[in-house]
Structures are given as C-alpha cells and as structure tokens.
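S.K.: Could you work out the structure for the sequence below:
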Amino acid sequence: MMATVKNSILLQPAFEKLGVQTRVQSSFPTPEVAEPYSRQRAIQHLAKGRVVIFGGIGAGTGIPLFTTDTAATALRASKVGRT
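M.R.: Residues are numbered from 1 along each chain as shown. From the prediction side, this is the model:
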C-alpha cells in the first residue's frame, strides 16, 4: 500500500514536467506528501483540469481484500465519475 503512494509521488513530477497540473490523493494517511482521499476534492481538481493520481487506495476502499492495483484505481475513478 505504501508502495503505491510512493509510485504516485514519483509519477507526479513527470506529469508536472510536461506542464500537467496534478494532485496526489491517498486513503492511507500521508499528509506530508499527499492529500487525503476526498471524492468531492477530486472532482474539484478534475473540474480545474488537473490530473488526480490515487495512491494507497486499497487501504481506504472499505472492501476487504481489494488490492491496490488497476481495479482499485478504477473503483476510485468511478466514484468521481471519470471512467
């Protein structure tokens, strides 16, 4: 779970270098490096044209044994209406 947060944090500068504004959100508490996951906040970022990177999402999906892979990311994307 921390590995996905780390990957998200490492991915963010690559987008920023291309001129794409990004925000990292995580259900796993990492306030120093990522915003806490918030559906409303993610939607606001997307409305402003930002890319939202979900990291550490398996920890906060509320679904036991749900992994932090693509399926979990798709779950978060569907919750913010971006699938």
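S.K.: ok but residue 25 is inside a strand, no?
M.R.: Yes: looking at residue 25 with DSSP: H, G, I helix; E, B strand; the rest coil, it is inside a strand.
S.K.: Would you agree it is in contact with residue 51?
M.R.: No: at 11.1 Å, residue 25 does not count as touching residue 51 under the criterion of C-beta atoms under 8 Å. Backbone N, C-alpha and C define where each C-beta goes, glycine included.
S.K.: what's the helix or strand for the spatially most central residue of the chain?
M.R.: Central residue of the chain (C-alpha atoms, centre = their mean): residue 54, 1.2 Å from the mean position. According to DSSP states H and E, residue 54 maps onto strand 51-55.
S.K.: Give me the contacts around that strand.
M.R.: Contact with strand 51-55 is made by 4-9, 11-12, 15, 20-26, 28, 34, 37, 42, 45-46, 73, 76-77, 80, as judged by C-beta atoms under 8 Å, 6 or more residues apart in numbering.
S.K.: ok, 6 Å please
M.R.: 4-5, 8, 11, 15, 20, 22-26, 42, 45, 73, 76 (C-beta atoms under 6 Å, 6 or more residues apart in numbering).
S.K.: so where do the strands sit in the protein?
M.R.: Assigned strands in the chain, in chain order: 22-26, 35-36, 51-55 (criterion: DSSP state E).
S.K.: hang on, the earlier thing: how far off strand 22-26 does the strand holding residue 54 point, in degrees?
M.R.: Inter-element angle recorded for strand 51-55 and strand 22-26: 30 degrees (by axes from the mean of the first three to the mean of the last three C-alpha atoms, to 10 degrees).
S.K.: Could I get the buried residue list for strand 51-55?
M.R.: By 16 or more other C-beta atoms under 10 Å, the buried positions in strand 51-55 come out as 52, 53, 54, 55.
S.K.: What ranges does the chain have for its helices?
M.R.: Ranges of helices in the chain, per DSSP state H, are 2-17, 39-47, 70-79.
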